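Engineer: Provided below for reference: sequence and predicted model.
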Amino acid sequence: MAITFTVAGLLLTLVGTVCAAVAFVQTWREERPGHRLLPLPRWLGGKRNVTVHSVTGRGTFTVGTSARGWVTIADTAPVDEQIAYLRRAVLTLDGEIGAEAARSTKRDADLTAQIAQVKTSLEGSVVDLRAHTTRVSTGTIQLQLVGIFLVGLGACLAVVPTLFELA
């Protein structure tokens, strides 16, 4: 009967140890994907990761712009011509200022939309990170607890024969 308790205690201790090892390996794989648990020599490790990078390409680009020149009038031109010239210049500048203001407003609206999109993405990433952290920190707790319970039960059963011999 004593041997039965000893063997049962040993088996429970082994099963509990296996549960704890499985929980550890699961946590390791989730936290460090692609990293080896034991640093084995390369010839024992199996496949080798070889990465070859090569880049080729061809591109064509053109640069273009519009040119606009101002036609100046002579200082000796009649006053009506000079006033008409100034009026055209002011109207042209007013149109350019209005166009630049519209482009600036559009850029501001685009930037505001991009900032809102990044903020939403960031908030989603924070939620995902919290969920991942919680899952990693608590995901294998049940298996670890089962392993600890089995090791403790196995140790208690292994002690029973010794207690009967002392009595």
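Structural biologist: Here it is on my side, so go on. Numbering: from 1, shown residues only.
Engineer: rest of the way, CA atoms for contacts and neighbours
Structural biologist: Noted.
Engineer: OK, contacts around the nearest residue to residue 12 once chain neighbours are set aside?
Structural biologist: For residue 12, ignoring the flanking residues on the chain, the nearest one in space by C-alpha to C-alpha, 6 or more residues apart in numbering is residue 154 at 4.6 Å. Counting by C-alpha atoms under 8 Å, 6 or more residues apart in numbering, residue 154 touches 8-13.
Engineer: where in this structure is pLDDT low?
Structural biologist: Scanning the chain with the threshold set as pLDDT under 70 gives 1-2, 35-70, 166-167.
Engineer: can you map out the helices along it?
Structural biologist: 2-31, 42-45, 79-138, 141-166 (DSSP state H).
Engineer: Let me know the angle separating the third one from helix 2-31.
Structural biologist: Same thing as helix 79-138. 170 degrees (axes from the mean of the first three to the mean of the last three C-alpha atoms, to 10 degrees).
Engineer: Can you list the helices and strands that helix 79-138 packs against?
Structural biologist: Counting contacts by 3 or more C-alpha pairs under 8 Å, 6 or more residues apart in numbering; DSSP states H and E, helix 79-138 is packed against helix 2-31.
Engineer: Can you give the distance of the helix it packs on from its chain's centre?
Structural biologist: 34 Å (C-alpha atoms, centre = their mean, to the nearest Å).
Engineer: Check stretch 93-101 too.
Structural biologist: 43 Å.
Engineer: Any chance you could give me it in CSV, C-alpha atoms only?
Structural biologist: The C-alpha coordinates for stretch 93-101 follow below in CSV (Å, rounded to 0.1, in the frame of the first residue of the first chain):
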residue,chain,number,x,y,z
LEU,A,93,-3.4,89.4,-55.9
ASP,A,94,-6.8,89.3,-54.3
GLY,A,95,-7.7,86.2,-56.4
GLU,A,96,-4.4,84.5,-55.5
ILE,A,97,-5.0,85.3,-51.8
GLY,A,98,-8.5,83.8,-52.0
ALA,A,99,-7.2,80.7,-53.8
GLU,A,100,-4.4,80.3,-51.2
ALA,A,101,-6.9,80.7,-48.4
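Engineer: what about residue 82, how many residues close to it?
Structural biologist: 16 (other C-alpha atoms under 10 Å).
Engineer: For the remainder of this discussion, apply numbering that starts at 436.
Structural biologist: Fine by me, first position is 436 from now on; the one you just mentioned is residue 517.
Engineer: Would you confirm that it contacts residue 508?
Structural biologist: Yes - at 7.2 Å, residue 517 counts as touching residue 508 under the criterion of C-alpha atoms under 8 Å.
Engineer: Now do the most centrally placed residue in the chain against residue 599, distance only.
Structural biologist: When the chain is reduced to its mean C-alpha position, the closest residue under C-alpha atoms, centre = their mean turns out to be residue 560, at 7.6 Å. From residue 560 across to residue 599, the span is 60 Å (C-alpha to C-alpha, to the nearest Å).
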